[in-house]
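[1] turn this into a model:
(4 chains)
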Protein chains: 2
Amino acid sequence: MNRHQKEKADEASGQGRPTLKTLAFMTGLGVTTVSRALKDAPEIGAETRRRVQLVAKQIGYRPNRAGVRLRTGKTNVISLVLNTEHEIMSFVSDIIYGVSEVIADTPYHLIVTPYSRSQDPLDPIRYLVETGSADGVIISRTQPNDPRARYMLERGIPFATHGRTDMGLIHPYHDFDNYAFAAEAVRHLAGLGRRRLALLAPPVELTYHGHTLAGFADALSEVGASEIPFNTVSIDHSIEQIRMRTAQLMRRENRPDGFISSAAAATLAIVAGIEDAGLKLGRDVDVVSKQSSELLHLFRSELLVVNENFRLAGAELARSVLGWIGGAAPGTLQSLSEPGEVQAYRRPD
Amino acid sequence: MNRHQKEKADEASGQGRPTLKTLAFMTGLGVTTVSRALKDAPEIGAETRRRVQLVAKQIGYRPNRAGVRLRTGKTNVISLVLNTEHEIMSFVSDIIYGVSEVIADTPYHLIVTPYSRSQDPLDPIRYLVETGSADGVIISRTQPNDPRARYMLERGIPFATHGRTDMGLIHPYHDFDNYAFAAEAVRHLAGLGRRRLALLAPPVELTYHGHTLAGFADALSEVGASEIPFNTVSIDHSIEQIRMRTAQLMRRENRPDGFISSAAAATLAIVAGIEDAGLKLGRDVDVVSKQSSELLHLFRSELLVVNENFRLAGAELARSVLGWIGGAAPGTLQSLSEPGEVQAYRRPD
DNA sequence: GTGACAATCTGTAACGTTTCAGTATATAGC
DNA sequence: GCTATATACTGAAACGTTACAGATTGTCAC
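    Residues are numbered from 1 along each chain as shown, chains lettered A, B, ... in the order given. Model (predicted):
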């Protein structure tokens, strides 16, 4: 053993975390060979490859993320960009779990990048892209003309949007079919004899506001029902605001006999408003609401619900981003989730 | 300009992301000087320091995380370790926002590390520590004798727990005073004339199960009320299970006239169970519940609530971990959040 | 004028990885 | 027995940062 090799041995036998150098010393190979053997490069002999991989597994070698990232630029990070004011609560936890599920057996980590009201929504995206902090990005609260999607497309960074855009640009997305939801809800209410329907919609700036309104309008004319305008509030407004506006609306002459609500928390407010006005759910008015956890039926058994699965959305979004990173065509990474039927409460046996 | 400098210039003027080399070229200084100037090292002249910092700000220099991490081992990452089955939904979103709030103007990123039922809770912690993936860790679902806390203490990695341990070891934590919560709830119910109280507790393995039980028991004997055992379910059980057990309990001869619930979602199930048994909230039985968002009063106005602020918890936990990383004594980074009063519903004007 | 010393700045090496440009050995063609 | 070629492996360099050990000034005492 010459002096050079002795030095290597001294260093590599240190009991810190194993590195390629450690493996190289243990196998008697060069670091380059070890590196290539671990990623199944063809120019490494089959036996050597097996041997290296065996030793690596035995001593629990894990590539140093900083080393890889510095050398290759690959971060092995997916960033989930969230609005700290307006995201739906169950959305956050479910989508995180959905994403986690998918990236669990990949080298990816999930980082959460928040932004608040005061900031330009583009800020966190710019930060991520400029600092190269993530290989892929997931955004929500998607707008028809979304500067974030445009920006990331320009920079060529893989992303997926929760909700669609409408800019004539192709990118991965996952969306719930809110057109179908609103249309189904209208039909269901019409089937119950309701003819004057109010819609508590998503905020105007989001794409699915348009989808929801379109489904609502189309089905209204299909069944011959009419709309009672209720557009002074959206599901982004506070519980108190929605409650107050609902109560006001329900005290009018021409009050609705049916409500459609795009979010569960808002539905609580609508019901409170209805009851503030002295009216009764199921008798004076029916309410169809989206929900992401099965709690609304406990709240008022008269409520009619349609489930939206955010965990599934998270998983789909993660798959889309990983797919794009992996080289798949963005156009093939789009999915739409169809709503189930409108569900009335069924008493447990 | 000699050949050496020319090469440097060529490289540094490339329009990629600015590095120390870029700054060194622009200021005419060495990379070492620039590096030290940026961190206000005393051996750099005051004017040079200002000059470097000005240029850095102008061109938007941001240190490369991989470079720093590789060289120093510092990741600038805080990891939030979450159970994907049993975490309370609002807990996840609020705690994330609380943490985000605190780390917003630091170089820290937040990564979410999930684990599921099938895994040993120690697994994700071991992964984080062995791979050196985070400078600090936040865990929840803390147990009296918590192997995760013990493990991290042994390895010397800064962490904070949501909830306390009881191992005679000192570490940062943030906790809600569940002893006080349960005791206050009992007193309030006693004040309403309720004398046979049932408690829906946290799962036995968690530390705050003990705190809650102790507060419950102490206040029971203080006010001379008695316990109706209800320990076949915990707040970790499914909505259906809790509902069924509650209904069973309420159909017994010696049924409770008061409930205390440690979680809002479970309270929905309790109320459903009460009503399944044909009884009425506020008349036959009163329920005091913790909640983390102000929704229970919309659900049933007769409910009595105590608020627990998870966003605050997230912020406190983040402050604790950062404090420990920053060298503060772990014993000084512990905090307990006192519950507010039990609140009855007040009709909005 | 010399030496000592502080003040300010600099080059080199290293963290762990991958890529580039090889080198050494064996096999085959003729 | 010679070159050509494929196979299996290797060292050096680089990614951006910081720590270490100098190097270059200027100032001051004597």
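
[2] shaky segments in the stretch 1-150 of chain A?
    The model of the stretch 1-150 of chain A has pLDDT under 70 over residues A:1-15.

[3] get me the contact residues on it for DNA strand C.
    Counting by CB under 7 Å from any atom of the strand, the stretch 1-150 of chain A comes close to DNA strand C at A:11, A:16-17, A:19-21, A:31-32, A:35-36, A:38-39, A:63-64, A:66-68, A:70-72. C-beta: built from backbone N, CA, C; applies to glycine.

[4] which of those are buried? Put it as a ChimeraX command.
    Burial among these is assessed by 16 or more other CB atoms under 10 Å in any protein chain shown; the matching ChimeraX selection reads:
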select /A:19,20,35,36,38,63,64,66,68,70
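
[5] so which of the residues of the stretch 1-150 of chain A next to DNA strand C are in helices?
    A:11, A:20-21, A:31-32, A:35-36, A:38, A:66-68, A:70-72 (DSSP state H).

[6] so which of the residues you listed reach DNA strand D?
    The residues of these that also fall near DNA strand D, by CB under 7 Å from any atom of the strand, are A:V31, A:T32, A:R36, A:L70, A:R71.

[7] now the two most distant members of those residues.
    A:R36 and A:L70 (18.8 Å; CB to CB).

[8] I'd say A:I239 and B:L296 touch.
    No. Using CB atoms under 8 Å as the test, A:I239 is too far from B:L296 to be in contact (11.9 Å).

[9] mind listing the shared neighbours of these two?
    Taking CB atoms under 8 Å, 6 or more residues apart in numbering or on different chains as the criterion, A:I239 and B:L296 do not both touch any residue.

[10] can you pull the residues of the stretch 51-200 of chain A lying near chain B?
    A:60, A:62, A:64-67, A:69-70, A:75, A:82, A:84, A:87, A:89-94, A:96-97, A:100-101, A:104, A:109-114, A:130-133 (CB under 8 Å from any CB of the partner chain).

[11] could you pull out the strands for the stretch 201-349 of chain A?
    Ranges of strands within the stretch 201-349 of chain A are A:226-227, A:258-261, A:286-291, A:304-307, A:334-337, based on DSSP state E, counting those that start in this stretch.

[12] which one of the ones you listed is the most hemmed in?
    Most buried of the strands of the stretch 201-349 of chain A, by mean neighbour count (mean count of other CB atoms under 10 Å in any protein chain shown): strand A:258-261, with a mean of 29.

[13] gap between that one and the chain center?
    What separates the centre of strand A:258-261 from the centre of its chain is 25 Å, taken as CA atoms, centre = their mean, to the nearest Å.

[14] now the strands for the stretch 51-200 of chain A?
    Counting by DSSP E, counting those that start in this stretch, one finds strands in the stretch 51-200 of chain A at the ranges A:77-83, A:109-115, A:136-139, A:159-162, A:173-176, A:196-200.

[15] and the spatially closest residue to A:H297 that is not a sequence neighbour, what does it touch?
    Excluding its sequence neighbours, the residue lying closest to A:H297 (CB to CB, 6 or more residues apart in numbering or on different chains) is A:Y345, at 4.6 Å. Contact partners of A:Y345, counting by CB under 8 Å, 6+ apart, are A:H297, A:S301, A:E302, A:L303.
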